[in-house]
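give me a model of this one.
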Amino acid sequence: MKHDTKPSIIGPAILLCLFAVFLPVSVPLPPSGLSQETCLTLADSPAARPPSLALIERCSALYPEDPVLMGDLGSAYETTGELARAEEAYRRALELDPDFADLRLRLGTLLLRRGAVSEAEREATQALLVQPNRHTLLELQEASRRARLGAAR
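Okay, here's the model as predicted:
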């Protein structure tokens, strides 16, 4: 009489079922107390209830390689009047994603307000390489040129 030497899948199936029963249903929050979902959905917050600066700072510290979070941090700093910190956050985000045209627009607008006209024009030009003929970028570029020409007089 021959014995079947094929491995049985019954043992591993039972083991898998036991793991499913005894594993926790939900994953605990990391030590920071923030879930990845919380941080990655900040941009979806309603305009009437934007996330706090503290929350954005904590999320960007947890995910320092996320250009969207870094851009959100820059916007939050800009809202609170911390323009140097906003510029720093925008520049960091653009190091992570140089083709992020919206961030170039935000940085360029900030630079223009601060009087760094040539830099603002350069940001608009770079963004237009990614999104040609975008109206707001063209406006920033034109405003920068006018400011540069006005300063030259």
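
for residue 92, which non-adjacent residue is spatially closest?
In space, and not counting its chain neighbours, residue 92 is closest to residue 70: 5.2 Å by C-beta to C-beta, 6 or more residues apart in numbering. To be clear about C-beta, it is placed using only N, CA and C from the backbone, and glycine gets the same treatment.

now do the contacts for that neighbour.
Contacts for residue 70 (C-beta atoms under 8 Å, 6 or more residues apart in numbering) come out as 60, 64, 89-90, 92-93, 96.

one more: residue 124?
Residue 124 is in contact with 104-105, 108, 137-138, 140-141, 144, counting by C-beta under 8 Å, 6+ apart.

so what's residue 85 closest to, chain neighbours aside?
Excluding the flanking residues, the one nearest residue 85 by C-beta to C-beta, 6+ apart is residue 77, at 4.2 Å.

what about the one you found, neighbour count?
For residue 77, the neighbour count with other C-beta atoms under 10 Å is 22.

and the one 3 residues further on, by the same measure?
Residues contacting residue 80 under the criterion other C-beta under 10 Å number 11.

where do the helices of the chain begin and end?
Remark: helices assigned in the chain by DSSP state H are 10-22, 36-40, 53-62, 67-79, 83-96, 101-114, 117-130, 135-152.

now the ones you listed in TSV, with distance to residue 46 and mean pLDDT?
Below are the helices of the chain laid out as TSV (distance: least, C-beta to C-beta, whole Å; pLDDT from 0 to 100):
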stretch	distance to residue 46	mean pLDDT
helix 10-22	37	57
helix 36-40	15	76
helix 53-62	14	91
helix 67-79	14	94
helix 83-96	22	97
helix 101-114	19	96
helix 117-130	27	96
helix 135-152	23	92
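
show me what contacts residue 89?
Residues in contact with residue 89 (C-beta under 8 Å, 6+ apart) are 60, 70-71, 73-74, 77.

let's have the residues you listed in a markdown table, adding distance to residue 39.
As requested, these are exported to a markdown table (distance: C-beta to C-beta, whole Å):
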| residue | distance to residue 39 |
| --- | --- |
| 60 | 8 |
| 70 | 12 |
| 71 | 13 |
| 73 | 11 |
| 74 | 16 |
| 77 | 17 |
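
alright, calling it a day.
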